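Asker: Let me see the structure of the following:
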Amino acid sequence: MQKFIIHGGKKLEGDIIIQGAKNSALPILSASMLCNGESVLENCPELSDVYAACQILTSAGCTCRMQNHTVSVKADQIRNSEIPESLMQEMRSSVIFLGAMLGRTGTCILGYPGGCELGSRPIDLHLQAFQKMGVRIQEENGILTCTAPNGLHGAKIHLQFPSVGATENILLAAVLAKGETVITNAAREPEIADLAEYLRKCGAVLTGDGSSTIMIQGVKKLNGCTYRIMPDRIVTATWLAAAAVTGGTVRLLQADTSSLEGILDVFEQMHCSCSHTGDKICFSAGKRIHAVRSLKTMPYPGFPTDVQAIVTAALCTADGTSVIEETIFENRFRHVDALVRMGADIQTAGRIAVIHGVRQLHGAPVSATDLRGGAALLVAGLGAQGETVLTEISHIDRGYDSPEKILRSVGADVVRI
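Answerer: Model prediction:
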């Protein structure tokens, strides 16, 4: 079992190049299954979730190669429409292959997805949408058999909640379906727009991505292309938080500043200096950051739930009291107990966390319980005095490409054992 040994209290100073976005790479890898010929995906992060996605593609009959952050996928011969149970359990995002598999073969057999235990994340929205598009669904012993005996057809689909996964899955199924599909109350996340841009470059016809109404006109075929994955805004926020807790000064390069307004605004409320031009962010924190009076997670363009735990860690040593309301997942305060073990003063009640800033955190043995909670503990350890031993870091490897190397390059004392 691997772990991080962190000796905190060292200012981060220097340049960090932002990795490709996990939440963009996974649906685009799935979308490559829809295409004839080869797709070459550049700026793809080397993550355990990405490796799992490549295994799913390979199990379906695709040829998949990864080298130097570039993944090449050839999907000319899809031989298998069943996603192995072991791979479904590795990551929540595995369900995104359902839409692509239905779009390509008209059939998909799969179990319920695994991933971080953040609370109820049912796939009912996905299945209800597919039924409107002509899919028949049977469940037996936890295995779903989805078939479209007459082929997929377009439909008008209203999402009761702007689910990112459901929006992406419908897009994947609709681009090769007969007729027009209209999604209302669609999720607006930048990663959806990135998926849509890849699909357009492959020959799909769709408009409205980035808004709450997306229209897709089905086409007969798609062709692979070369495409560059967008930068990861959640990783960007993580390195900003790491600089904030250490009083550091960093430049983040190759960032997608257009998708970060809601995140940068929170760090400005902390009295950090933050400016950006093009794809570069210049960030500096003083000796002690300030509390954020009230913060609520919301679908994009609101404050992202994926950043909540990371900002909570930063606010543990802020001057004043911060209140965070988590509106997306009910179990997204699982990292709090570990932060309290490190000396934080946090009270939680339901979906509310009240954080009273303390002067200093101290190192302690802690374990990651999920991807973003693990990143939060990594951030806390960087700002704490003494040694933090962070275990269960396989969660962190699902979303961060060699984080210990990145952090050491800007002065942190963190090693992987």
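
Asker: How is this structure partitioned into domains?
Answerer: Domains of the chain are assigned by automatic domain parsing as 3-18+231-416, 22-228.

Asker: Can you lay out those as CSV showing mean pLDDT?
Answerer: Output for those, formatted as CSV (pLDDT from 0 to 100):
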stretch, mean pLDDT
domain 3-18+231-416, 96
domain 22-228, 93
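
Asker: As TSV, these with mean neighbour count would be great.
Answerer: Every C-beta, even on glycine, is put in place using the N, C-alpha and C of the backbone. Formatted as TSV, these follow (neighbours: other Cβ atoms under 10 Å):
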stretch	mean neighbour count
domain 3-18+231-416	20
domain 22-228	20
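
Asker: got the contact list for residue 355?
Answerer: 291, 312, 315-316, 318, 321-324, 344-346 (Cβ atoms under 8 Å, 6 or more residues apart in numbering).

Asker: what about 7 Å?
Answerer: Residues counted as contacts of residue 355 (Cβ atoms under 7 Å, 6 or more residues apart in numbering) are 312, 315-316, 321-322, 324, 346.

Asker: Keep only those of those residues that are in strands.
Answerer: Residues of the contacts of residue 355 located in strands (DSSP state E): 321-322, 324, 346.

Asker: Now flag whichever of the residues you listed is closest to residue 138.
Answerer: Set against residue 138, the nearest of the ones in strands among the contacts of residue 355 by Cβ to Cβ is residue 324 (41.7 Å).

Asker: these two touch, right, that closest one and residue 308?
Answerer: Yes - the pair residue 324 / residue 308 is scored as a contact, 6.3 Å apart, by Cβ atoms under 7 Å.

Asker: ok now stretch 208-228, how far from the chain's centre?
Answerer: Distance of stretch 208-228 from the chain centroid (Cα atoms, centre = their mean, to the nearest Å) equals 20 Å.

Asker: the strands in the stretch 201-350 of the chain, which residues?
Answerer: 205-207, 213-217, 222-223, 226-228, 249-253, 273-277, 280-284, 294-296, 321-325, 345-349 (DSSP state E, counting those that start in this stretch).

Asker: out of those strands, nearest to residue 64?
Answerer: If we rank those by Cβ to Cβ, the stretch that ends up nearest is strand 226-228, at 15.2 Å.

Asker: ok, that closest one: who's next to it in the sheet?
Answerer: Strand 226-228 has its sheet partners listed here by DSSP bridges as strand 38-42 (parallel).

Asker: Following element in sequence after the strand it pairs with, please.
Answerer: For strand 38-42, the following helix or strand on the C-terminal side (DSSP states H and E) is helix 48-60.

Asker: Can you name the element that comes right after that next one?
Answerer: Using DSSP H and E, the helix or strand that follows helix 48-60 in sequence is strand 63-67.

Asker: got the CA positions of that next one in CSV?
Answerer: Provided in CSV are the C-alpha atoms of strand 63-67 (Å, rounded to 0.1, in the frame of the first residue of the first chain):
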residue,chain,number,x,y,z
THR,A,63,-7.0,-0.8,-29.8
CYS,A,64,-5.8,1.6,-27.2
ARG,A,65,-2.3,3.0,-26.6
MET,A,66,-1.0,5.6,-24.2
GLN,A,67,2.4,7.4,-24.3
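
Asker: From residue 214, how far out is the most far-flung residue of the chain relative to its centre?
Answerer: What lies farthest from the middle of the chain is residue 150; by Cα atoms, centre = their mean that is 34.3 Å. Distance, residue 150 to residue 214, using Cβ to Cβ, to the nearest Å: 24 Å.

Asker: do the same with residue 30
Answerer: From residue 30 across to residue 214, the span is 17 Å (Cβ to Cβ).

Asker: again with residue 258
Answerer: On the measure of Cβ to Cβ, residue 258 and residue 214 end up 19 Å apart.

Asker: now swap in residue 6 and tell me
Answerer: Residue 6 is 43 Å from residue 214, by Cβ to Cβ.

Asker: Kindly report the same for residue 14.
Answerer: Distance from residue 14 to residue 214, by Cβ to Cβ: 40 Å.

Asker: same thing with residue 95?
Answerer: Using Cβ to Cβ, residue 95 is found at 19 Å from residue 214.

Asker: same deal with residue 338?
Answerer: Taken as Cβ to Cβ, the span from residue 338 to residue 214 is 39 Å.

Asker: got it, and residue 31?
Answerer: Applying Cβ to Cβ, the value for residue 31 to residue 214 is 15 Å.

Asker: Same question for residue 37.
Answerer: From residue 37 to residue 214 the distance is 25 Å (Cβ to Cβ).
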